[in-house]
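**Q** Pasting the sequence and the predicted model now:
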Amino acid sequence: MDLNLDTLKREILEYLEGSGFTIFHSSPGGLDAQPIVLWDSERYPDYRMFLDVARQAGCKMVCFATRELQPEEIDDLLLQLDECMLDRDEARDYQSRLRELRSYEGVTCTLELAFDFASRLYVYDVAPDWYEEFLNIEDEIREQSESGDEVDDSDTLGGYYNKN
């Protein structure tokens, strides 16, 4: 979904402050190692529905985390791209796609809300379409980079044999 998460972030914080929840400002990605249950934000994008569930479950504290796209993330991908063995057109396509994403530097790219219930974290997680595109490019470049690291021994001389 193509969202303006900066606007949504302000809206959610205002809603949380007025709704009696205690806000725990967590680090983005800090939930990765925990047992989580993801909210279906595609079919139920309204964060208020998610927070109503938290309220009905008796939760008083909600974890809130956001992350902005950093220029270094794009720079790192461009460096990895230089190390890939791509033909000129493929490399230019990736470079062009990454240049387009530069307009989102400093813009919120992920937003997470979470609450704990019965030793599970229930998570509302959203990201805009442009960030999904960034993640896809990152995966593609990483795959290209990893495939370039594999050495193909079929063309080597292996044990050198002199016919003299």
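**A** Thanks, I have the structure now.
**Q** mind giving me the domain split of the protein?
**A** Listed domain ranges for the chain are 1-69+106-128, 70-104 (source: automatic domain parsing).
**Q** With distance to residue 144 and mean neighbour count as added columns, please give those domains in JSON lines.
**A** In this view, the C-beta of every residue, glycine as well, is placed from N, C-alpha and C. Listed next are these as JSON lines, based on distance: least, C-beta to C-beta, whole Å; neighbours: other C-beta atoms under 10 Å:
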{"stretch": "domain 1-69+106-128", "distance to residue 144": "21", "mean neighbour count": "15"}
{"stretch": "domain 70-104", "distance to residue 144": "4", "mean neighbour count": "13"}
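**Q** mind putting those domains in TSV, distance to residue 134 included?
**A** Formatted as TSV, the domains of the chain follow (distance: least, C-beta to C-beta, whole Å):
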stretch	distance to residue 134
domain 1-69+106-128	7
domain 70-104	5
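**Q** Please identify which of the ones you listed is closest to residue 141.
**A** Judged by C-beta to C-beta, the one of these that comes nearest to residue 141 is domain 70-104, at 5.2 Å.
**Q** any idea what sits nearest residue 84, other than its immediate chain neighbours?
**A** Closest residue in space to residue 84, ignoring its immediate chain neighbours: residue 144 at 4.3 Å, by C-beta to C-beta, 6 or more residues apart in numbering.
**Q** cool, residue 61 as well?
**A** Using C-beta to C-beta, 6+ apart and skipping residues adjacent in sequence, the residue nearest residue 61 is residue 22, 4.4 Å away.
**Q** got a list of what the one you found touches?
**A** Shown in contact with residue 22 (C-beta atoms under 8 Å, 6 or more residues apart in numbering): 60, 61, 62.
**Q** ok, back up a step: tell me if I'm right that the residue nearest to residue 84 and residue 83 touch.
**A** No - applying C-beta atoms under 8 Å, one finds residue 144 not in contact with residue 83, separated by 9.1 Å.
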